[in-house]
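Chemist: one predicted model, sequence on top.
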Amino acid sequence: MYVCLCKAVTDKAIKQKVAEGVSTMRELKMCTGLGSQCGKCTCQAQQILNCELAQISATHFALAKPAA
């Protein structure tokens, strides 16, 4: 789904950037142009970014958890 219509940025593109190491809105804006026109997409983009970072964090926590 398109998150930023002005710059044609999709949720998949945001998820891909997070997988590549993007971890802040500033970095996301710099590499995609997201939020640089009308700005209506920034809230949804922030939610997607936070969700993806939380999933990565949970995965790393589960992998680092010692076996019982």
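Modeler: Thanks, I have the structure now.
Chemist: what are the ranges of the helices in the chain?
Modeler: 11-19, 25-32, 42-64 (DSSP state H).
Chemist: which residues sit against the last one?
Modeler: With C-beta atoms under 8 Å, 6 or more residues apart in numbering as the contact definition, helix 42-64 has outside contacts at 3-4, 9, 11, 14-15, 18-19, 22-25, 28, 34-35. C-beta coordinates here come from the backbone N, C-alpha and C atoms, glycine included.
Chemist: show me which of these is closest to Cys41.
Modeler: Distances from Cys41 to the contacts of helix 42-64, taken as C-beta to C-beta, are shortest for Cys4 (4.0 Å).
Chemist: ok, back up a step: in TSV: the helices of the chain, plus mean pLDDT and mean neighbour count.
Modeler: Converted to TSV, these look like this (pLDDT from 0 to 100; neighbours: other C-beta atoms under 10 Å):
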stretch	mean pLDDT	mean neighbour count
helix 11-19	97	17
helix 25-32	96	16
helix 42-64	90	13
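Chemist: can you name the two of the contacts of helix 42-64 that sit furthest apart?
Modeler: Ala19 and Gly35 (19.9 Å).
Chemist: how about the contacts made by the nearest residue to Gly33 once chain neighbours are set aside?
Modeler: The spatial neighbour of Gly33 that comes closest, neighbours along the chain excluded (C-beta to C-beta, 6 or more residues apart in numbering), is Lys7 at 4.1 Å. Contacts here follow C-beta under 8 Å, 6+ apart; on that basis Lys7 touches 32-34, 36-37.
Chemist: quick one: Met1 from Gln44, how far?
Modeler: Applying C-beta to C-beta, to the nearest Å, the value for Met1 to Gln44 is 9 Å.
Chemist: overlap in contacts of the two?
Modeler: With C-beta under 8 Å, 6+ apart, Met1 and Gln44 have no common neighbours.
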